[in-house]
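Asker: quick one: sequence and predicted model below, then my questions.
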Amino acid sequence: MTVDTAPAPAAPAAAAPARRGLALPSGSVITTFLVLFLVVAAFSVEGFASTRNAGFLLLDVVVIALIALPLTLVVVTGEIDLSVASTVGLSSAVMGQLWIAGLPLEAIVPLVLVLGAVLGAVNGFLVTRLGLPSLAVTIGTLALYRGLAFVVLGDQAVADFPRAWTTWAISSIGTTGIPTVVVPLLVLVVVTAVVLHATPVGRSLYAMGNSEDAARFSGIDVARTKLWLFVVTGVVSALGGVYWTLRYGSARADNATGLELQVIAAILLGGVSIFGGSGGLLGVIAGALLLASVRNALQLVNVPSDVLNIVTGVLLITAVVAPQVTARVKRRLARRRPAS
Amino acid sequence: MSAPLTKPAPLPEELAAPERSGRRGAALVQRLVLARELGILAALVLLVVVTVIANPRFLSGQNVRDLLLSAAILTVLAAGQTMVIITRNVDLSVGSVLGLSAYASGTLMVVAPGTPVVVVVLAGMAVGAVCGLLNGAIVAVAGVPSLVVTLGTLYAFRGLDSLWASSSDRLQINAADLPSGFKSLGGARLLGVPVLFLVAVVVVVLVGYHLRTFRSGRELYGIGSAPEAARLSGIPVGKRVLTAFVVNGALAGLAGVLYAARFQTLDTTAGTGQELFVVAAAVVGGVAIFGGSGSVYGAALGALLLTTIGTALPQLGLDPFWRDAAVGALILGAIALDRALQLRLAARLRGRNARR
Amino acid sequence: GTTRGEDEGSSSGGDAAGASADPDAEIPADLAIAFLPKQLNNPYFDVAATGSERAVGEFEGEFSQVGPSEASASSQVSYINTLTQQGADVILTSANDPNAICSALDQARSGGASVVTFDSDTSPECRDVFINQATPQGIAETQIDLMAEQIGGAGQVAILSATANATNQNTWIELMTEYAASEYPDMEIVATVYGDDEDEKSFQETQGLLQTYPDLAGIISPTTVGISAAARYLSGSEYKGQVALTGLGTPNQMREFVQDGTVTAFALWNPEDLGYLAAFAGAALAAGQITGAEGESFTAGDLGEYEIGADGEIVLGEPTVFNADNIDDFDF
Amino acid sequence: MDHAPVPSAPPAAGQVVLALEDVGKSFGAVAALRGARLELRAGEAHALVGENGAGKSTLVKVLAGVHGPDTGRVLLDGQPVTLADPAAARAAGIAVIYQEPTLFPDLSVAENIFMGRQPLLSGRRIDRRGLAERCRALFERLGVALDPDRPARGLSIADQQMVEIAKALSFDARVLVMDEPTAALSGVEVERLFAVARSLRASGAAVLFISHRFDEVFDLCDRITVMRDGQWVSTDLARDLTVDQVVRRMVGREVSSLFPKTEVAPGEVVLEVRGLTRRGVFSDVSFDVRAGEIVALAGLVGAGRSEIVRAVFGIDPYDAGSVRVSGKALRKGDPAAAMAAGIALVPEDRRQQGLVMELSVERNATLTRRWKLARGGLLSSRAERASAAEWSQRLQVKAGKLSDPVSTLSGGNQQKVVLAKWLSTEPTVLVVDEPTRGIDVGTKSEVHRLLSQLAAEGLAVVMVSSELPEVLGMADRVLVVSEGRLVDDIPRARADEDSVMLAATGQGAVAPGGVR
Ligand SMILES: Nc1ncnc2c1ncn2[C@@H]1O[C@H](COP(=O)(O)OP(=O)(O)OP(=O)(O)O)[C@@H](O)[C@H]1O
Ligand SMILES: Nc1ncnc2c1ncn2[C@@H]1O[C@H](COP(=O)(O)OP(=O)(O)OP(=O)(O)O)[C@@H](O)[C@H]1O
Ligand SMILES: [Mg+2]
Ligand SMILES: [Mg+2]
């Protein structure tokens, strides 16, 4: 998998938008960091390296990683979707309402996914057809969808979903402690990675993320592509909503509040440029795992949640600052050499 | 050191340009700027009218005062945020900064009850400025996307805040702990207008005037409009961006003090989630999220609109569950309106070009 | 929560019911007691925590407080998992969602932990016992009576609640409505609004209520955040003294408003005792003195003897009413 | 009149204002400059010529304080100086027009010109009226018909370039550096620019002029410095040199005749445009293009030629009319369909439209063929690299590595990548908008040979060009656009400067521009 993340060349003067200087490196860095952290934690944190804990950890990551998949593609094209968590909430609420109404889950799930498609399409329409900035649009739908969730389910919490489903949601493969859901998730990860890194579609995503005009002049239908990305993001978020509801066995309007920031944190930590056009999926998955592992490990050693937040923040910042600084140092050296 | 040149030789006749005045263009741009803010103003008036029809008491003195009070804080935040957004950056940490400075100024007043209000205000702003300095330094010096940095500091500052609160014995600072002099500020009025709101107005006017009439202000627009061009034309990009963040931080700090004065109960959740509303206010107010255009007056109107929505909806007797939905819908409506106006301008420009 | 069809296995006291209790068992030393509130840095739970800590000190266990910085069920789950992993002996928790944390609690219990819920319960089969700060009836009736006194038993009354999903809040509100209807037919409960336990939101909701209902006679806010925000709004507005306010609040937050006459009387149980009792209940479970079955009883330090009621509930007692005369005797 | 008499100012008279002494500058592996030399004297117009990638723009950026030289010195009035940043260079009285326009799209044209130097009132407040006045004055001097208060967004490249020129003039600098300012301009604008440049020179300023158009070079300049591969080759008085000498020194070899158009018997019509209209931009445009034919769209800048071809390719929507390729009607506003039908468009603005600057050379070169290169929906980097390598060889792209960002290539080499990107799609109709803008002689004749060879193989070519000699040399037919209308269709036989310019300007007042 080759990723277009040519580190910005020496001269910031090279006539190109400032964003190029900001392009983050692909996942390799963060992945190594993750591996290092896991090793260290395994030896230094009691109870971290156990199958049960691995299970707990993965269960916490599943929804974040799941939604991060399509959202990464969206960010690569230079757009963003802040409404994902609200979509989770609305899907959960609708799922609960339909269950009260007496539908079987076999019927509810497809309906909820369709709902997700519609919600995504609304974002996509406003962004691609009306040409509104996605950041603004999805701040709007973030409020709108969460609001609708309360309209649908109000203050109720629907809880009596069939044991079979809810236990499956948290079941693990044999005695490995690895949650069963990780399997379908992995499949989706691979599919998404291939699409992004090894198909014509993926190429066009990077192209439009860097220069929408140039992409259009190359015969890429930017609007349509982005529209579809938003739709897919909606569907996957709805899927996340379904899983969230089953995993906690409780359908509520306020499910997953604030999750959007965690997903985006994972994506940015994974080295995807918020301005689009660069970054890879490997890094994003690593980013999600790293965030979760760090929290998990620190919780195990009873670090208070305030500190956890600080750590999360610092982690995020260092993840973007470090490569910049090293790149700059390299440049300095490069410049010295011919001079001396 | 450059030697001024003597007046250049006049051009040959046939090369002299045809006379042409830009009045039409000036008027057009003027109209656009107006139109943008007018659009929001219209939305605002409409909302108020509808609410008043539904509930005449909406315009009662008490209620209007409450509304302006609530608007004050968001407005101050929006003013600062506008400066940052114009430079093609964003500061998501303002909510946390507000919380931090509110708690800081609160603590100051508890440990040193005698402190004059002015000092408290300055202290709060100082705390904010430091936070802004941190954000700005990372963004400008390390040259990393502000959205990532400030998302990080959003977590970090909030963490600091609650860490501070939990490690001190003061989880919550209550009205009883605050000096009455400061508390009176919350309700204080000048000619019937809440003082806090006047503070916000002053802030907006100052920022707006600076952005419009000083070189440094215009350079902020330049940076946001084309960072590379800004560098090539010798604008001190790093310095300007840094300043924008510091000012924004200081204003968030001020907002924190206003918050303390208004709510007089300070816990570690103060200002949580404000960032999205602030950005929304700016965007609704016609500030281009990708920098380079928009005015602080628009942003202020945006803030006023959002607050009015917040207070009007319950008084329209709207089921509380419908509240957030309505807010979202209105945000979308506002930016769509703004977009429509922009498109009209673009169309005119094209027409004008071809007509040359 | 709303359920559909028959509720599967609501066996009172959960699966522990089967085992037999030994009332005179010793409380083992060094019990690891974990206190998991809805949210950290919430003054109310902080007071409760000091109570638990005191209790744990008395029977020489190890006390630890952990919890999320935002009141959400999902992050509570991840903390419960951590506790399971650490092998805590007792988990004292107040649920952000009656069902969402169930599966996590089940795992904790199968890992050997005893689970005590307090303040707001999970569904009974997920915990061993629930420490009820006061019977819902008690709470509901006290507040309605207080309000009735202040407004002469007649007029429009609105309720300012916490989050729309808070189980305890909703139960109380139901009961208050019923009780008011039966006891004070002239008292009309005109609206319920939600301040989400956020100071600013509660503040604005109060403001909204007074605009919407010009003839509002009183506000009941059964949540500490709500009542103090409402009190502060009233004391600063022209409605001060005109509109009655009561509900559940902490003396420290309300002292000023009782003194300046905005509020005549309000109620609350003592959260410190709540935490204290919860800790002892946990210890009793761990020691095997009780199993959570109805009718069993144990001694909770200087609070004395407590008996387990239906569904493994233990009631702390009637709420205390605070007014100008007694408020200064309390500090929490 | 366009042949200025022997330069009025005594050639190389004044003392040396600005000098570079064997300056070196490398970017990673690429050595852009090694031992570059330059010497500018007061009151002279000095030309800097060299192949694409010779290092001209890099040298300019050193003068502008954008790049610090790795080695060598910059001398100002004989004193060594370090131009730390663009601001320092400005303070030193050096004004620069960069090869690529660098404007603030959201700001008014006037503010673009005076950014950071706006006239002030008391208390350092900006004097808005004064700003507009000054801008208007500049535009009159340049003969630009632009509204100072109009935002820069949406200006055509030509207009952008004129604004850049106005900006540079506004400095009243003692050194004016112009990096290919005329690339986007046509005769009339060029004449105006030169008139201004001459008057500056007359008043004692030093002018550094970079261009790939020798007629302009010889028309304006007193001395000519030739560069090759980042090295100084020679500096001589213009009057002692011939075009061929210069070309030989730059390229290091003989360059065959510039316009090797081979006559082809046109086949049947492949592109049919009927009554194409876009309100406010162009109206009722109809023309046919036959296989093997090269049809030029000539006209003044801003006539709407780019808009027309953009509409044909489906980038822009149009209000009325139709486009047919080999009989099949094209869906409007659908570039993908146009490509499928066999149209290729090499756009006017390579940085915004032609290339994805941050992506590598190979990604750009294969972007148009990503589906063709895919096997079973999957792409192999090897296949991509292979095809990219093949085409960049055929066009002799001068790049460090194929995996370098295309933004690091020199202007001309970037243009070659755009050509590669589109020629590789093997189109039946090739539309090129300013195909040789900013391309050096060698490459230019390559491109021309390529175009006529492709035509000979039956390709239909539509060429938008502001360079008359190119139009006259290459085109079988010249379609003249004026004010968004097709005003004339001149066959090769009848096509000459006067006929085209007359039609283009609509009246004979303006002298035929760019006699080259
Ligand atoms: N920012 C940069 N990073 C890396 N390489 C660069 C950069 N800028 C220029 N180069 C390289 O330096 C060499 C000289 O480029 P330059 O733009 O100076 O050529 P030029 O003479 O201006 O060509 P043209 O006539 O096409 O404009 C080219 O090989 C180019 O690839
Ligand atoms: N992207 C654009 N947006 C708005 N107006 C434009 C745009 N591009 C060009 N124009 C205007 O449309 C008119 C035609 O411009 P265009 O560049 O098509 O002319 P042209 O004949 O192609 O000249 P050139 O030689 O620059 O290609 C000009 O007045 C120009 O200012
Ligand atoms: Mg160049
Ligand atoms: Mg053109």
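Answerer: Received it, and whenever you're ready, just let me know what you need. Ligands and ions are numbered 1, 2, ... in the order given.
Asker: residues contacting B:F214?
Answerer: For B:F214, the residues meeting the contact criterion (Cβ atoms under 8 Å, 6 or more residues apart in numbering or on different chains) are D:124-126. The way it works is simple: take the backbone N, C-alpha and C, and place the C-beta from them, glycine included.
Asker: quick one: which helix or strand includes the residue of the stretch 251-400 of chain D found nearest ligand 4?
Answerer: Proximity of the stretch 251-400 of chain D to ligand 4 (Cβ to the ion) peaks at D:S306, 2.8 Å away. Using DSSP states H and E, D:S306 maps to helix D:305-313.
Asker: can you give me the mean pLDDT across the helix or strand that that helix is followed by?
Answerer: Downstream of helix D:305-313, the first helix or strand assigned by DSSP H and E is strand D:320-325. For strand D:320-325, mean pLDDT is 94.
Asker: how about stretch A:86-95?
Answerer: On average, stretch A:86-95 scores 97.
Asker: repeat for stretch D:107-116
Answerer: 92.
Asker: and the end-to-end length of that stretch?
Answerer: 13 Å (Cα to Cα, to the nearest Å).
Asker: for C:A279, what are its contacts?
Answerer: Taking Cβ under 8 Å, 6+ apart as the test, what C:A279 contacts is C:33, C:35, C:51-53, C:55-56, C:61, C:63, C:90, C:92.
Asker: repeat that for 7 Å
Answerer: Listed by Cβ atoms under 7 Å, 6 or more residues apart in numbering or on different chains, the contact partners of C:A279 are C:33, C:52, C:55-56, C:92.
Asker: could you tell me which of those belong to helices?
Answerer: Members of the contacts of C:A279 lying in helices (criterion: DSSP state H): C:52, C:55-56.
Asker: before we move on, back to that, surely the residue of the stretch 251-400 of chain D closest to ligand 4 touches D:V464?
Answerer: Yes - contact status for D:S306 versus D:V464: in contact at 6.4 Å, counting by Cβ atoms under 7 Å.
Asker: tell me the pLDDT of whichever residue of the stretch 201-340 of chain A sits closest to ligand 2.
Answerer: Here the stretch 201-340 of chain A gets closest to ligand 2 at one residue, A:D213, 9.2 Å apart by Cβ to the nearest ligand atom. Note for A:D213: predicted pLDDT of 91.
Asker: in terms of helices and strands, where is it?
Answerer: Per DSSP H and E: helix A:212-217 holds A:D213.
Asker: can I get the CA coordinates of that helix in CSV?
Answerer: Extracted C-alpha coordinates of helix A:212-217, given in CSV (Å, rounded to 0.1, in the frame of the first residue of the first chain):
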residue,chain,number,x,y,z
GLU,A,212,-10.7,19.9,-6.3
ASP,A,213,-10.2,21.8,-9.5
ALA,A,214,-7.5,19.6,-10.9
ALA,A,215,-9.6,16.6,-10.0
ARG,A,216,-12.5,18.0,-12.0
PHE,A,217,-10.3,18.8,-14.9
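Asker: tally of neighbours for D:Q245?
Answerer: Neighbourhood size, D:Q245 [other Cβ atoms under 10 Å in any protein chain shown]: 14.
Asker: likewise A:L282?
Answerer: 21.
Asker: try D:D159
Answerer: If you count neighbours by other Cβ under 10 Å, D:D159 ends up with 24.
Asker: give the closest residue to it in space, chain neighbours not counted.
Answerer: D:L146 (6.3 Å; Cβ to Cβ, 6 or more residues apart in numbering or on different chains).
Asker: wait, the one you found touches D:F139, no?
Answerer: Yes - counting by Cβ under 7 Å, D:L146 touches D:F139, with 5.9 Å between them.
Asker: now the common contact residues for these two.
Answerer: Joint contacts of D:L146 and D:F139 (Cβ under 7 Å, 6+ apart) do not exist.
Asker: quick one on the thing from earlier: if I look at the residue of the stretch 201-340 of chain A closest to ligand 2, how far off is chain B?
Answerer: 15 Å (Cβ to the nearest Cβ, to the nearest Å).
Asker: ramachandran coordinates for C:E62?
Answerer: Backbone torsions for C:E62, taken as degrees, to the nearest 10, come to phi -110, psi 120.
Asker: I'd like to know how many residues surround the residue nearest to it when sequence neighbours are not counted.
Answerer: Leaving aside its chain neighbours, C:E62 sits nearest to C:A32 (5.0 Å; criterion: Cβ to Cβ, 6+ apart). Neighbourhood size, C:A32 [other Cβ under 10 Å]: 18.
Asker: can you check the one 3 residues further on too?
Answerer: By other Cβ under 10 Å, the residues close to C:F35 number 27.
Asker: so how far is A:W165 from it?
Answerer: As for C:F35, its distance to A:W165 is 33 Å (criterion: Cβ to Cβ, to the nearest Å).
Asker: in what helix or strand does residue 255 lie?
Answerer: Going with chain A. Going by DSSP H and E, A:N255 is not in any helix or strand.
Asker: was after chain C, sorry
Answerer: Of the helices and strands defined by DSSP H and E, C:R255 is found in helix C:251-259.
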